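Visitor: A predicted structure for the sequence below; I have some questions about it.
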Amino acid sequence: MKILLLEDDLILNEIIEEHLLENNYEVISVFDGIEAQDIIYTQKFDLFLFDVNVPNIDGFELLKELRNQNIKTPTIFITSLNMADDMQKGFDSGCDDYIKKPFELKELDIRINNIKRIFSIDEKIVKIDDNIVFDKEKLEINIDNKTISISKKESEVLGYFIKNMNRNISMEELINNIWSYEDTPSDSTVRTYIKNIRKYIGEGRITNLRGVGYRFNKK
């Protein structure tokens, strides 16, 4: 699991980073909103941990901008802003959880584990249907005991669809959440990946919504 930590308190940043590394997470630490913004557009993360009162762009505004760009990476705010109105502003900006400082590291673990459960992060094997199993680590789909090997990008596209099952997903959202800005593919390339996935797991599983995008259907 790859985490971006935005926290401008040097000591707290170090404490949290060290704790996450001890729990075998991959962590990149930054200290201001501009730095976080720059790295988000060049790398992909499974989770954002954002302080709010950071230099240049505060956490609320940064996340609001990311959500406007259809970047749906799960986000937890870690902040000393502890009034109900602050929490409301955090959730309105698009966060998935909110931790009030000071907090115990065990609480952070609990909240991260909950995010992992909700968004199926770090799950190696996902059951799509009674007869279809997706192995993210091996890049394989098993259908009725027949194994099909898929590419890494096909795996990432399928994984994103599964995490967002029964929700409309635009082409822009798919691209922004799977590819970095430096590797942005053409729409036709993305359609090819989707076509291949349909061939593997059934045409009816992914619905094409004209003018909107796609929806991965749970049967």
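Guide: Cool, the structure landed.

Visitor: Please count neighbours and contacts with C-alpha atoms only from this point.
Guide: OK.

Visitor: ranges for the strands of the chain?
Guide: Secondary structure of the chain (DSSP state E): strands located at 2-6, 26-30, 47-50, 75-79, 97-100, 125-129, 132-135, 140-143, 146-149, 168-169, 206-209, 213-216.

Visitor: quick check: mean pLDDT across stretch 62-77?
Guide: The average pLDDT within stretch 62-77 is 95.

Visitor: what's it in contact with?
Guide: Under the contact criterion CA atoms under 8 Å, 6 or more residues apart in numbering, stretch 62-77 has outside partners 33, 37, 45-52, 59, 90, 93-99, 115, 119, 172-173, 176-177.

Visitor: for that stretch, how far is the first residue from the last?
Guide: The straight-line separation of the ends of stretch 62-77 (CA to CA, to the nearest Å) is 11 Å.

Visitor: How about stretch 65-75?
Guide: Distance across stretch 65-75, first residue to last, is 13 Å (CA to CA).

Visitor: From the chain's centroid, how far away is it?
Guide: Distance, stretch centre to chain centre, for stretch 65-75: 9 Å (CA atoms, centre = their mean, to the nearest Å).

Visitor: Return the set of buried residues in the helix or strand bottoming out on mean pLDDT in the chain.
Guide: Ranked by mean pLDDT, DSSP states H and E, the weakest helix or strand in the chain is strand 125-129, scoring a mean of 86. Buried residues in strand 125-129, counted by 16 or more other CA atoms under 10 Å: 125, 128.

Visitor: Stretch 28-36 now?
Guide: 29, 30, 31, 32, 33, 34, 36.

Visitor: Format the residues you listed as CSV; extra columns: pLDDT and distance to residue 166.
Guide: Shown next, in CSV, are those (pLDDT from 0 to 100; distance: CA to CA, whole Å):
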residue, pLDDT, distance to residue 166
29, 97, 34
30, 97, 34
31, 96, 37
32, 95, 36
33, 95, 33
34, 95, 34
36, 96, 31
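
Visitor: got the domain boundaries for the protein?
Guide: For the chain, automatic domain parsing gives the domain ranges 2-119, 125-216.

Visitor: weakest of those by average pLDDT?
Guide: Minimum mean pLDDT among these: domain 125-216, a mean of 91.

Visitor: So which residues make contact with the least confident helix or strand of the chain?
Guide: Strand 125-129 is contacted from outside by 133, 134, 135, 136, 137, 162, 219, using CA under 8 Å, 6+ apart.
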